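Asker: Quick check, what structure comes out for this input:
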Amino acid sequence: MTKDSASKLGTLPISKLLIQQSVPASIGILVMSLNILIDTIFVGNWIGSTAIAAINVVLPISFFIAALGMAIGIGGASIISRALGEQHKEKALKTFGNQISITLLLCVSMVIAGLYFIDELIPAFGGKGNIFDAAKIYYRVVMYGVPILALTMMGNAVIRAEGKPKFAMIAMIIPSIGNIVGDVVFIKFLDMGMLGAAWATTLSYVWSFSYILYFFLSKHSELKISWPHFKLNFPILKEIGSLGFVTLSRQAAVSITYLLLNNILYELGGESSVTVYAIIGRMLMFALFPVFGITQGFLPIAGYNYGAKKLDRVRESINKAVLYASIMGVAIFFIIMIFPESIARVFTSEAEILAKAPSAMRWVFCVVPIIALQLIGAAYFQAIGKATPALLLTLTRQAFFLIPLVIILPKFFGEIGVWVSFPIADGAATIITAYFLNREVKNTLITKEKVLVNS
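Answerer: Model prediction:
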């Protein structure tokens, strides 16, 4: 990070900073989400609805391994942001080098294991019946690119820690465009079916990684590491691990949720219900892109100013991030509630799926206006290096509420019990996060701020 960009994180008005950091992040997530949506539309229309379900089975497996890179990236980015705020650049360099080493070591090992147990993993995640063969084709090719995806996710988080959100945005846009072009070439023109969809996805990871590699080798990045920085450093790894474990645990909970829901929905409503969940999963990422963007933009601002002991700015960043994200949540709520039928028709014309999707979508999105508080609250604790509360709050929604609910409620209410579980989990998690965030602000930020003023 340049001196100028570092000073901006600590001096520019919080509202302006949130816009500068969040807009590129939101655009990147939007384009990535559009890619997932368009990819799903292409696959559904050019291959069939079973292909949508097959991809939905594979994603939680491949993304859990790739999420190791994301976890290491976000955990290390928190350290880098605070180290730069404290003017400890050497620690930032060592952290980055260790991130690369441990990402490669862990992800390659897990990919080898994932390919070895391919026939056991796919059915376990709901790849049964007609879904199995399509999922196996997609899974094998996508797994080849997962280590590259993991390095890309890790590098993207570090770029944000350097205060360069526009470059991080471009790194997210490149694979999205590449995947869409790949879909057209491999599926539409070469008629490669699921194999084409898989290669389009895998090659898109390569294009993104190439750009991120260019960024760190160019003059744009100040994190110029050398061979000694790659040597594993236990204290740094421990700090990366404690903070990164928050992200990894969240992805593990997501993967377990997919595993349960794909199997439960298959038993309750067959392949059509699994496809409905796949469509809703895509819409969650797409519709909530501005909320996720604000959350990502908030992380380096909170981390840097906490490291610089500018606690009044930390409190302001929390308040404004929650406000802006909540406004976005309200807008999303009305769009989903009014147009669920139209949204479902974009993905498929199959009557059975269209009969189920609108109601399910309304249930899943019905408490969207308040979830910003839960996302920002959990992100705050991760940004300032408090791993334990960050972990607990991150797991609150899916591990503590959603997973138990989707196991229990369908036994009494059938398929509707699955969809009702989402708003109950979101509401409960938001209430708990609000309590702990409010206590943290009063007991820690305000108290420390008074001590600094009086000292």
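
Asker: any idea which helix or strand comes after the helix or strand hosting Asp119?
Answerer: Asp119 is part of helix 118-124, with elements assigned from DSSP states H and E. Once the chain leaves helix 118-124, the next helix or strand it forms, by DSSP H and E, is helix 131-161.

Asker: Tell me where the stretch 251-400 of the chain has helices.
Answerer: Here the stretch 251-400 of the chain has its helices, by DSSP state H, counting those that start in this stretch, at 271-287, 289-307, 311-338, 340-347, 351-365, 371-383, 387-395.

Asker: on that earlier part again, tabulate the CA atom coordinates of the helix holding Asp119 in CSV.
Answerer: Provided in CSV are the C-alpha atoms of helix 118-124 (Å, rounded to 0.1, in the frame of the first residue of the first chain):
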residue,chain,number,x,y,z
ILE,A,118,-15.1,-38.5,-5.9
ASP,A,119,-17.6,-41.4,-6.0
GLU,A,120,-18.4,-41.0,-2.3
LEU,A,121,-18.5,-37.2,-2.1
ILE,A,122,-21.0,-36.5,-5.0
PRO,A,123,-23.8,-38.8,-3.7
ALA,A,124,-23.2,-37.4,-0.1
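
Asker: Check the offset of it from the chain's centre.
Answerer: Distance of helix 118-124 from its chain centroid, counting by C-alpha atoms, centre = their mean, to the nearest Å, is 24 Å.

Asker: got it, and stretch 213-221?
Answerer: For stretch 213-221, the distance to the chain centre is 24 Å (C-alpha atoms, centre = their mean).

Asker: Run through the neighbouring helices and strands of the helix holding Asp119.
Answerer: Judged by 3 or more C-beta pairs under 8 Å, 6 or more residues apart in numbering; DSSP states H and E, the packing partners of helix 118-124 are helix 49-85, helix 131-161. From N, CA and C alone the C-beta is placed, and that goes for glycine too.

Asker: For Asn233, which of the helices of the stretch 251-400 of the chain is the nearest?
Answerer: helix 387-395 (17.7 Å; C-beta to C-beta).

Asker: Could you check the closest one and say which residues are buried?
Answerer: Within helix 387-395, the residues scored as buried using 16 or more other C-beta atoms under 10 Å are 387, 389-395.

Asker: from the chain's centre, how far out does it sit?
Answerer: That offset, for helix 387-395, works out to 16 Å (C-alpha atoms, centre = their mean).

Asker: Likewise for stretch 101-120?
Answerer: 20 Å.

Asker: Then stretch 80-91?
Answerer: That offset, for stretch 80-91, works out to 25 Å (C-alpha atoms, centre = their mean).

Asker: Repeat that for stretch 229-245.
Answerer: Centre to centre, stretch against its chain (C-alpha atoms, centre = their mean), the figure for stretch 229-245 is 21 Å.

Asker: what about Phe189, how many residues close to it?
Answerer: Using other C-beta atoms under 10 Å, Phe189 has 9 neighbouring residues.

Asker: how close does it get to Val181?
Answerer: 11 Å (C-beta to C-beta, to the nearest Å).

Asker: related to what we said a few turns ago, in the helix holding Asp119, what counts as buried?
Answerer: In helix 118-124, counting by 16+ other C-beta under 10 Å, buried: 121-123.

Asker: Mind listing residues that contact it?
Answerer: 57-58, 61, 114, 132, 135-136, 139-140, 259 (C-beta atoms under 8 Å, 6 or more residues apart in numbering).

Asker: Do me a favour and average the pLDDT over it.
Answerer: The average of the pLDDT scores along helix 118-124 is 88.

Asker: I'd like to know which of the helices of the stretch 251-400 of the chain lies nearest to Leu93.
Answerer: Across the helices of the stretch 251-400 of the chain, closest to Leu93 is helix 289-307 (C-beta to C-beta), at 16.0 Å.

Asker: From the chain's centroid, how far away is the helix or strand harbouring Val43?
Answerer: Assigned by DSSP H and E, Val43 falls within helix 14-46. Centroid separation for helix 14-46 versus its chain: 12 Å, with C-alpha atoms, centre = their mean.

Asker: what does stretch 157-172 give?
Answerer: 15 Å.

Asker: pLDDT on that stretch, on average?
Answerer: pLDDT averaged over stretch 157-172 gives 83.

Asker: if I pick Arg397, what's in contact with it?
Answerer: 374, 425-426, 428-429.

Asker: Go again with 10 Å.
Answerer: Applying C-beta atoms under 10 Å, 6 or more residues apart in numbering, we find Arg397 in contact with 250, 253, 257, 371, 374-375, 378, 403, 422, 425-430, 432-433.

Asker: go on, Val274?
Answerer: Val274 touches 49-50, 52-54, 56-57, 126-129, 131, 261-266, 268, counting by C-beta under 10 Å, 6+ apart.

Asker: Write the PyMOL selection for whichever of the residues you listed are buried.
Answerer: Burial among these is assessed by 16+ other C-beta under 10 Å; the matching PyMOL selection reads:
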select buried, resi 49+50+52+53+54+56+57+126+127+128+131+261+262+263+264+265+266
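
Asker: thinking again about what came up before, now restrict the contacts of Arg397 to buried residues only.
Answerer: By 16+ other C-beta under 10 Å, the contacts of Arg397 give 250, 253, 257, 371, 374-375, 378, 403, 422, 425-430, 432-433 as buried.

Asker: Show me where this structure dips below the pLDDT cut-off.
Answerer: 1-7, 32-37, 448-455 (pLDDT under 70).

Asker: re earlier: just name the most buried of the helices and strands packed on helix 118-124.
Answerer: helix 49-85 (a mean of 27; mean count of other C-beta atoms under 10 Å).

Asker: Do I have it right that Met153 meets Ser208?
Answerer: Yes - with contact defined as C-beta atoms under 10 Å, Met153 reaches Ser208; the gap is 9.3 Å.
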